[in-house]
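A.B. asks: kindly generate the corresponding structure for this input.
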Amino acid sequence: MLSILRRGTAAGLVALAMTLATGSALAAWGDLNLPVGVTPISRDVYDLHMLILWICVIIGIIVFGAMFVSIVLHRKAAGHAPAQFHHSTFAEILWTVVPFVILVGLAIPATRTLIDMEDTSESDLTLKVTGYQWLWKYEYVEDGVSFYSSLAPSSRAAIYRDPWKVENYLLEVDHPVVLPVGKKVRILLTADDVIHAWWVPALGMKKDAIPGFINEIWAVIEEPGTYRGQCAELCGKDHGFMPIVVEAKSEDEYKQWVAAYKAEQQTQLAATTTSSQ
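C.D. replies: Model prediction:
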């Protein structure tokens, strides 16, 4: 890049622009933006975010462009004298009406998205999530499955050693959440001690888990895969050690997982009963 800058020509500037537009540069820029996600809500949020972003960019170009043109072309050194006026009725109406129209125009898609976020009706599956200091409890209401999910031993062991050698450091758990693809999952959020927040960026929503209160979110995961998140509310000294891992599987694989987990629980219960006798 330095060699390109040293050319000091139009060709050098073009070459620099092409260099910045390479795949790696665009990928790095993409990491700074809001992720698209794998749910309908996450796409709606992303589209709304990009719409507002570009409107702000256009407004910024117009406002700062007018400022710079005025500063450069109408400066005193160029022989321009300042205009003498007290107020302009047209300008006052213009800068009142234009922002009002913009805000009303943005309120329509924003309100539609917010309403969709709160619509947990007609769900296929209900997952109750309870936050603790400092782990999560998951209960599958219809399937009768429940378990605790905490930081994976590999991450915990690496805290005082070399975290860079551990894959998904602080973002791995011992028991991930398994959810079916293409099904509307209603997620009930609460907490046992302090306020936590259940947040998986790929799912598009985050909401607080509050003791004595139940919040709701929902998700329809459209692509199989592993999606990671973490507690997003400062909840104590181990707040940074409350990761969330969601494994999205096909409906058949999900049913197999439920059956296998129930069988494992029954085996463990039978072994515990036998040992206690």
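A.B. asks: show me what the closest residue to Phe213 other than its chain neighbours is bridged to.
C.D. replies: Nearest non-adjacent residue to Phe213, counting by C-beta to C-beta, 6 or more residues apart in numbering: Thr190, 6.5 Å away. From N, CA and C alone the C-beta is placed, and that goes for glycine too. Judged by DSSP bridges, the bridge partners of Thr190 are Thr130.
A.B. asks: wouldn't Thr190 be in contact with Glu216 here?
C.D. replies: No. Using C-beta atoms under 8 Å, Thr190 is not in contact with Glu216; the gap is 10.3 Å.
A.B. asks: comparing these two, which residue is more hemmed in?
C.D. replies: Neighbours were counted for Thr190 and for Glu216 using other C-beta atoms under 10 Å; Thr190 has more, 19 against 15.
A.B. asks: do you know the pLDDT at the more buried one?
C.D. replies: pLDDT recorded at Thr190 is 97.
A.B. asks: distance check, it against Gly212.
C.D. replies: For Thr190, the distance to Gly212 equals 8 Å [C-beta to C-beta, to the nearest Å].
A.B. asks: what of Lys206?
C.D. replies: The spacing between Lys206 and Gly212, counted by C-beta to C-beta, is 20 Å.
A.B. asks: more neighbours: which of these two?
C.D. replies: Taking other C-beta under 10 Å, Lys206 and Gly212 do not tie; Lys206 has more neighbours (15 against 7).
A.B. asks: and the pLDDT at the more buried one?
C.D. replies: So Lys206 comes in at 91 (pLDDT).
A.B. asks: shouldn't it be in contact with Ile187?
C.D. replies: No. Using C-beta under 8 Å, Lys206 is not in contact with Ile187; the gap is 11.1 Å.
A.B. asks: between the two, which contacts overlap?
C.D. replies: Any residue near both Lys206 and Ile187 by C-beta atoms under 8 Å, 6 or more residues apart in numbering counts here, and that gives Trp198.
A.B. asks: what distance separates the longest helix along the chain from the centre of its chain?
C.D. replies: Secondary structure of the chain per DSSP state H: the longest helix is helix 40-73. How far helix 40-73 lies from its chain's middle: 22 Å, per C-alpha atoms, centre = their mean, to the nearest Å.
A.B. asks: could you identify the helix or strand that succeeds that helix?
C.D. replies: helix 89-118 (DSSP states H and E).
A.B. asks: what residues of that next one count as buried?
C.D. replies: 110, 117 (16 or more other C-beta atoms under 10 Å).
A.B. asks: equivalent analysis for stretch 204-220, please.
C.D. replies: By 16+ other C-beta under 10 Å, the buried positions in stretch 204-220 come out as 204-205, 207-210, 215, 217-220.
A.B. asks: need the helices for the stretch 151-277 of the chain, in chain order.
C.D. replies: Shown for the stretch 151-277 of the chain, the helices assigned by DSSP state H, counting those that start in this stretch span residues 153-157, 251-276.
A.B. asks: dump the ones you listed to CSV, plus mean pLDDT.
C.D. replies: Formatted as CSV, the helices of the stretch 151-277 of the chain follow (pLDDT from 0 to 100):
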stretch, mean pLDDT
helix 153-157, 84
helix 251-276, 81
